[in-house]
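> Sequence and predicted model, in that order:
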Amino acid sequence: MGQCCCSPCKRLLPSSVIEFSGSGVNADAISNEESLLENNIPQVHSINPEMSAPSIRVANDLRNEVVGYGLALTDVSVEQDSCYWEWRIRTGDNPTATVMVGVSNRRNSKFYEILASSSVPPEQHGTKFMCTASDLKDGDVIGIVVQQSELPMIQLWVNGELEDGLQVTRFRGTVYPSIYLPQQGSNNVSASFLYREEQFVHGPPAPQFHPLIAGRSLV
């Protein structure tokens, strides 16, 4: 189901969060992350319109649902070594839907202005660390598993099942959970960003994959 669109690049991580020493991870970062989870500090994230394509619209009061077409980024960067989130897909007037999910680097309006007048296909606008999931039915849930100290760094699970071949070997720079909704055949297709444990439909495949935590909370 689908294909992957990525390049084998070395991950550059903030030294205050993750340190690679063999397979080791900064103990303070892990301790802070576990403390936040244990204390149930609420995490509130949303779609970031300023980093998303102008053809993307935030569709609800919670600001976690997107409609339209193009690339949409959330407002929380991926700083944990291991984390997990989900996208719930609504196919609208279509029997099935195709989307791309994964992570993307920070974008701005100038990025979209330049690409709008270029010959780069729209589906390649900031999607090199994303994979294509196709033939999705209404209500299907895509789980994104990230493990920055192991390869592949990103794996996709659809409705709780690992999808062979839907993975990103490496990503680099500061990245944000992202989704791409294609323009063609996307009548009323929407996607909801699920990032808290109580929101998850299926949940992570292993206990080390925690919900997303804002980077400033990890310091």
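Received the coordinates, thanks.
> Okay, now the unreliable bits of the chain?
Residue ranges of the chain with pLDDT under 70: 1-42, 185-186, 215-219.
> Strands of that one, start to end?
3-5, 47-48, 56-58, 65-68, 70-74, 82-90, 97-105, 130-136, 141-147, 154-158, 161-168, 175-181, 190-194, 210-211 (DSSP state E).
> The fourth one packs against which elements?
On a contact count with 3 or more Cβ pairs under 8 Å, 6 or more residues apart in numbering; DSSP states H and E, strand 65-68 meets strand 56-58, strand 175-181, strand 190-194. C-betas here are computed from N, CA, C, even on glycine.
> before we move on, back to that, which one of the strands of the chain lies nearest to Y112?
Comparison of the strands of the chain against Y112 by Cβ to Cβ identifies strand 70-74 as nearest, at 7.8 Å.
> Okay, now the sheet partners of the closest one, with direction.
strand 47-48 (antiparallel), strand 175-181 (antiparallel) (DSSP bridges).
> Packed most tightly, which of those would that be?
The highest average neighbour count among these, using mean count of other Cβ atoms under 10 Å, belongs to strand 175-181 at a mean of 25.
> hmm, back to that, mind putting the strands of the chain into CSV with distance to V201?
Listed next are the strands of the chain as CSV, based on distance: least, Cβ to Cβ, whole Å:
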stretch, distance to V201
strand 3-5, 23
strand 47-48, 18
strand 56-58, 21
strand 65-68, 14
strand 70-74, 18
strand 82-90, 6
strand 97-105, 15
strand 130-136, 14
strand 141-147, 4
strand 154-158, 11
strand 161-168, 13
strand 175-181, 16
strand 190-194, 7
strand 210-211, 13
